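1. quick one: sequence and predicted model below, then my questions.
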Amino acid sequence: MYCTRTRAEINAASVLLVSLVSTAGAQGTRPRAIAPALDTTVVEATITDLQRGMSEGRFTALDLTRAYLARIAAYDQKGPALNAMIRLNPAAERQATAMDAERRAGKVRGPLHGIPVVLKDNYNTADMPTTGSTLALASFVPREDAFLVRRLREAGAVIVGKTNLHELAAGITSVSSLGGQTRNPYDPRRCPGGSSGGTGAAIAASFAVVGWGSDTCGSIRIPAAFGSLYGLRPTSGLVSRNGIIPLSHTQDVIGPLARTVTDLAIALDITVGQDPADPATKALDGRQLPRFTDSLDPDALRGKRLGLLRNYLTGTDGDIADSIRATARAMSARGAELVDVMIPGLDSLLAGSGVIPFEFKWDLMDFLAKWPGAPVTSLHEIIEQGLHHQALDATFRARDTIQTRDSEGYQRALAKQAALRARLVALFDSLKLDALVYPTMQRRPVLVGEAQPGTTCTLSAHSGLPALSLPAGFTNDGLPMGLELMGKPFDDARLVAMAYAFEQSPGGARRRVPMTTPVLLNGRAPDAQAFGARAGAAVATFRFDALRNELHFEVTLLAPAVNGSQAVVLRRTDATASGTGAPRVRVVQRLVGPGMTAASGVITLGELDRRALGDGRLSLLHVSTGVPLGSAGALQAVPPGSRPQPTRR
């Protein structure tokens, strides 16, 4: 399922959504007064959009910062309760004001000047705690910023706050002892991916323009896939990890997540570069740094050879596999040559090639040793003090049992990584490939509390090759999915250019706005909308909370018809796939059963049902002895303060 939208269409869709759910009430109190026009402006806004608006004097960095803070206030702990932010920056408005003063004085530092951003809370910030989302580091404030944080401040970015992550980046569902569980804005019952799930959810919900995460296996790319975002795992050594709480010094990389490729490129240009404090960046010696924004070319797919990796299409959810193939064919239509690739023995190549279990304990200990005032000094202390989430207990205890930094098992894993890297580079060379293509995740986002299967992250993370996840559309039940492009070492800019060429093509922009975080109304979240319906002897009232995807209902049967009543159900009408012929009608939920006189409850609507409600395609059906095929009545919106006056159909 795909959706291509212009900026005007996004705004129109947001206005339509607000009209569906708005009444005179409001959820929560906004933190500051903001210009009403900015409610729409900041949703899905790009860096270019906002720079143009600031340069034309239509709004300031302070206006933008307050607008994003208002969205966080409305949707992070209220409404869908995404829980993406672990803390806000108390100096954000002051930083924005300083950037506005510089702009008035004629100084603009660059494309990030005055742009609100968020950071995963494993990036050192000297003015805020850096916690890794573990309770053990809740009060830990490092003495200096991370390398990337310094660069962002120098570029004029406004740090709005820090985001939740899977505790110490050790998982992919984004749950932690300090931050709790982050939720997916496309379906708050589900996980946002991880470990950078807070950043992914925040950018998907327009809490900021762009955000930064880290990727040790798939921790940038999985949230990108599950948030309909773009995210690049850079070539190992292209960026400095200095000042990042480590998980594995061999596999850790950092990078941005963004809603458009251009925003990703602008953020990457700030991110990459050498740093004497990170020896891995010596890989850049003698190399010219990539300029990602300069690489953006709408014809970048022309003449490229893309290998569709069949290993990762086997066992993938059917609708995801179909979309990956369709997206690859769409790239072919833009001039790329598509070839099928099967890597014999891939599972054996990957088996035992991960080094996180061998490095985590020691890398964390070394990081904490740099800060004598840190509340704890080791993973063992965190476990012994019980300052970690129960979901991490088994993982942390297993990794704490590693007794030496340089075991035979560790050396075997490193050797397997080198062999994997050599095998992949040889494959690229022998088949003259520009990228491998495969699903970022083979499974859709799981419900909160479940384990997330289906990751393909090890191929890039264990080889050190760069990989970019781009939006590939949506599953049959309306959940985002991602396609991954993996290239040869230091082909990062070419991957970004190919993603840009696809994004700019007709049908290429496959992202759409999450419906649980709509445009605010004068800085406030829209309230629920009332509906009414009558079908036969059944009278029903509904209240739809669009921020939680919850349809509350009350159904009553008129007394004379109770004995003959069999069921009252909610139905959805869809057009046929071809758009011709009779519409398809199916039952969504049974509301009342045989012998029942009334019922009430809450239904969580999936995206298809939610869109049907907005389009007037949900109806009530009452089946009785007298009318065995049922009487139907459409759900109709009720103005605030009015009583339902449903009509029969």
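-> Arrived safely, thanks for sending.

2. tell me if I'm right that A208 and L119 touch.
-> No - using C-beta atoms under 8 Å as the test, A208 is too far from L119 to be in contact (9.5 Å). (C-beta placed from N, C-alpha, C; glycine too.)

3. A202 should be in a helix, yeah?
-> Yes - note on A202: a helix contains this position according to DSSP: H, G, I helix; E, B strand; the rest coil.

4. next up, the contacts around it.
-> Under the criterion of C-beta atoms under 8 Å, 6 or more residues apart in numbering, the contact partners of A202 comprise 82, 84-85, 118, 163, 208, 211.

5. do A538 as well
-> Counting by C-beta under 8 Å, 6+ apart, A538 touches 555-558, 565, 568, 592, 620, 622.

6. sort those by pLDDT and name the bottom one.
-> On pLDDT alone, L558 ranks lowest of these, at 88.

7. contact partners for that residue?
-> If a contact means C-beta under 8 Å, 6+ apart, then L558 has 537-539 as its contacts.

8. of those, closest to T327?
-> Within the set of the contacts of L558, A538 lies nearest T327; the separation is 44.5 Å, counting by C-beta to C-beta.

9. phi, psi for that closest one please.
-> For A538, the backbone dihedrals are phi -100, psi 130 (criterion: degrees, to the nearest 10).

10. once you drop chain neighbours, what's closest to it?
-> What sits nearest to A538 in space, not counting adjacent residues and going by C-beta to C-beta, 6 or more residues apart in numbering, is H622, at 4.1 Å.

11. and that neighbour, which of the three is it?
-> H622 is classified as strand under three-state DSSP.

12. does R586 sit in a helix, a strand or a coil?
-> Per three-state DSSP, the secondary structure class of R586 is strand.

13. tell me what it is bridged to.
-> Assessed by DSSP bridges, R586 has beta-bridge partners R572.

14. now do the strands in the stretch 1-150 of the chain.
-> Secondary structure of the stretch 1-150 of the chain (DSSP state E, counting those that start in this stretch): strands at 85-88, 116-120.

15. looking at the ones you listed, spot the one closest to R548.
-> Distances from R548 to each of those were compared using C-beta to C-beta; the shortest belongs to strand 85-88, at 18.3 Å.

16. just checking: what are the partner strands of the closest one?
-> With DSSP bridges as the test, strand 85-88 pairs up with strand 158-163 (antiparallel).

17. by neighbours, which of the contacts of A202 wins?
-> The residue in these with the most neighbours, by other C-beta atoms under 10 Å, is T163 (34 neighbours).

18. how far away is that residue from V175?
-> Here the criterion is C-beta to C-beta, to the nearest Å. By it, T163 lies 14 Å from V175.

19. my guess is A525 contacts G79. True?
-> Yes - the pair formed by A525 and G79 meets the contact definition of C-beta under 8 Å, at 5.3 Å.

20. ok, these two, which is more surrounded?
-> Residue environment comparison for A525 versus G79 gives the larger neighbour count to A525, 27 against 23, counting by other C-beta under 10 Å.

21. can you give me the offset of stretch 368-378 from its chain's centre?
-> Mean-position distance between stretch 368-378 and its chain equals 32 Å (C-alpha atoms, centre = their mean, to the nearest Å).

22. can you pull the pLDDT of the residue of the chain positioned farthest from its centre?
-> The C-alpha centroid of the chain is most remote from P560, which lies 51.8 Å away (C-alpha atoms, centre = their mean). P560 is assigned 73 on the pLDDT scale.

23. a helix runs through P445, doesn't it?
-> No - P445 sits outside any helix when classified using three-state DSSP, being coil.

24. R190 is in contact with that one, correct?
-> Yes - with contact defined as C-beta under 8 Å, P445 reaches R190; the gap is 4.2 Å.

25. between these two, which contacts overlap?
-> Between them, P445 and R190 share these contacting residues under C-beta under 8 Å, 6+ apart: 184, 226, 479.

26. what sits against the last one?
-> With C-beta under 8 Å, 6+ apart as the criterion, the residues that contact L479 are 184, 186-187, 190, 226, 444-445, 607.

27. same check, this time on the first one
-> Residues near N184 by C-beta under 8 Å, 6+ apart: 82, 190-193, 201, 226-227, 445, 479.
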